[in-house]
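Asks: Just need the structure, nothing else, for what follows:
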Amino acid sequence: MASRKTKKKEGGGLRAQRASSNVFSNFEQTQIQEFKEAFTLMDQNRDGFIDKEDLKDTYASLGKTNIKDDELDAMLKEASGPINFTMFLNMFGAKLTGTDAEETILNAFKMLDPDGKGSINKDYIRRLLMSQADKMTAEEVNQMFQFATIDAAGNLDYKALSYVLTHGEEKEE
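Replies: The predicted structure is shown next:
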């Protein structure tokens with residue numbers, strides 16, 4: 001009897017040690033592959049970790065060269081340690097469960113809106129979405145535009161779209 005209890009404790013201990021790598025069970029295989037591709041794009045020096053220089057290079061590849069060191073430091077401090085792929089997944093897992101998701105999406109759009117107008121030309125965003133990273137199809141972009149507010153000049157209100165993406169479609173009363 002006593003040996004059984006010991007084995008259970010040992011097994012429980014092993015499960016506790018492996019809990020941090022259990023983040024893989026929170027995602028489908030296709031999602032993990034997409035995160036791996038994103039991680040590889042950001043890990044510019046290919047050392048298996050995302051550091052400040054990798055972030056600078058990633059921003060530069062997106063056309064933003066005036067990012068401040070304190071902004072990069074703040075991003076890196078979101079992780080509880082060095083950002084390897086498992087940490088990267090943990091961070092995205094936390095974001096995808098609802099924590100700061102809208103703010104994250106807004107910040108991504110703000111990178112494309114240097115004047116801070118709150119809108120981006122729909123043709124510009126269409127070209128980006130269909131030509132960068134995980135390319136969207138024309139049908140996928142059109143589907144997204146169905147939920148977007150686009151003014152007469154063809155500018156997409158990304159604040160409203162960010163809300164819809166994180167909270168669901170706005171209900172009209």
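
Asks: Excluding chain neighbours, what is closest to residue 134?
Replies: Spatial nearest neighbour of residue 134, excluding adjacent residues (Cβ to Cβ, 6 or more residues apart in numbering): residue 34 at 6.2 Å. Backbone N, C-alpha and C define where each C-beta goes, glycine included.

Asks: which element is that neighbour on?
Replies: In this structure, residue 34 sits in helix 29-42 according to DSSP states H and E.

Asks: Quick one: distance of that helix to the chain centre.
Replies: 10 Å (Cα atoms, centre = their mean, to the nearest Å).

Asks: What's the mean pLDDT across that helix?
Replies: For helix 29-42, mean pLDDT rounds to 90.

Asks: repeat for stretch 48-58
Replies: 95.

Asks: Which residues belonging to that stretch are considered buried?
Replies: Judged by neighbour count (16 or more other Cβ atoms under 10 Å), stretch 48-58 contains these buried residues: 49-50, 54-56, 58.

Asks: Then stretch 107-119?
Replies: Quick answer for stretch 107-119 (16+ other Cβ under 10 Å): 109, 113, 119.

Asks: Output that stretch as CSV, restricted to C-alpha atoms.
Replies: Output of stretch 107-119 as CSV, limited to C-alpha atoms (Å, rounded to 0.1, in the frame of the first residue of the first chain):
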residue,chain,number,x,y,z
ASN,A,107,-1.2,48.1,-31.6
ALA,A,108,-0.6,46.1,-34.7
PHE,A,109,-2.9,48.3,-36.7
LYS,A,110,-1.3,51.5,-35.1
MET,A,111,2.0,50.4,-36.6
LEU,A,112,0.4,50.9,-40.0
ASP,A,113,-1.1,54.3,-39.0
PRO,A,114,1.8,56.6,-38.4
ASP,A,115,-0.5,59.7,-38.3
GLY,A,116,-2.7,58.1,-35.6
LYS,A,117,-5.9,58.7,-37.6
GLY,A,118,-7.6,55.5,-36.4
SER,A,119,-8.1,54.3,-40.0
